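**Q** Show me the folded form of this:
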Amino acid sequence: MEQNISKLLVDRNKLIEESTRRLDYHYKNILTEPYDCICEIEQFFEIYNDKKQLPSIKTKTLNLLTDIFIDLVPGYKILNDDNETIKHQKNIKKINSFEREFLRYYTNFVQLLITIQKDLTRIYSNFDRSQKNVECLALKNLFNSLFKIFSHMSQFNHCEKIFNLTILSCVTFRQSLDCEILYTCIEKHFINDTT
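**A** Numbers count the residues shown, from 1 in each chain. Have a look, this model is predicted:
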């Protein structure tokens, strides 16, 4: 019995170490060479969606993905123009390729946030009040990502989805989350919005 516990701890620590090393490696690559390494974002989705993955690693993955998108977001919406017939210079092609990949991964990320919110809503509605603290960490992580993205990327693609998801999360989880910060952020957004 004691050997089984020891083995489980060794396996757990190995999984944490391996996952953390992978995340840190890809995070550094993406931020230092975004045009060449944007495809490495796929590794974050792989790690997050691994059925054996620990909640702490899922949290780290979600936080790193959020930071990557905030750090790399251009200051404009990316048009999805698949019918590119104009010949461009090599550096413009590289930028266009980066933008397409960035938008594809960002779209996947928004979909992941929507899935997390739906899963938490389903789980949350089945818990009694004492059990709701169990999911509090996952709620705070979702809320943190939504808050950061809404604060920094409110003019970027899928802003309506992020806004709707943010409001839905505040309404659904208002008893477990302090939504006042987000309400203030939303208010500032509308006051400063010139569109």
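
**Q** the bottom helix or strand of the protein by mean pLDDT?
**A** Ranked by mean pLDDT, DSSP states H and E, the helix or strand of the chain with the weakest confidence is helix 180-192, at a mean of 67.

**Q** Okay, residue 121 and residue 114: tell me how far apart.
**A** For residue 121, the distance to residue 114 (CB to CB, to the nearest Å) stands at 11 Å. For every residue, glycine as well, the C-beta is placed using N, CA and C.

**Q** And residue 144, by the same measure?
**A** Using CB to CB, we find residue 144 at a distance of 16 Å from residue 114.

**Q** Likewise for residue 169?
**A** For residue 169, the distance to residue 114 (CB to CB) stands at 10 Å.

**Q** what about those two, which has more around it?
**A** Counted by other CB atoms under 10 Å, residue 169 and residue 114 do not tie: residue 169 has more neighbours, with 23 against 16.

**Q** what residues are up against the more buried one?
**A** By CB atoms under 8 Å, 6 or more residues apart in numbering, residue 169 lies in contact with 117, 139, 142-143, 146, 177.

**Q** do the same with residue 105
**A** 38, 41-42, 69.

**Q** Look up phi and psi at residue 51.
**A** Main-chain dihedrals, residue 51, degrees, to the nearest 10: phi -60, psi -30.

**Q** contacting residues around it?
**A** Taking CB under 8 Å, 6+ apart, one finds nothing in contact with residue 51.

**Q** Name the residues of the helix or strand that contains residue 48 that are buried.
**A** In this assignment (DSSP states H and E), residue 48 forms part of helix 41-49. Residues of helix 41-49 classed as buried: 41, 43-44, 47-48 (neighbour count, 16 or more other CB atoms under 10 Å).

**Q** hang on, residue 57 packs against residue 18?
**A** No. Between residue 57 and residue 18 there is no contact under CB atoms under 8 Å: 9.6 Å.

**Q** Neighbour count for the two, which is higher?
**A** Neighbours per residue (other CB under 10 Å) separate residue 57 from residue 18, with residue 57 holding more: 20 against 12.

**Q** Skipping its backbone neighbours, what lies nearest the more buried one in space?
**A** Nearest residue to residue 57, sequence neighbours excluded (CB to CB, 6 or more residues apart in numbering): residue 19, at 4.6 Å.

**Q** so the one you found touches residue 56, yeah?
**A** No. When contacts are counted by CB under 8 Å, residue 19 is not listed as touching residue 56 (9.2 Å).

**Q** Of these two, which one has the most company?
**A** Neighbour tally, residue 19 and residue 56, criterion other CB under 10 Å: the higher count belongs to residue 19, 21 against 12.
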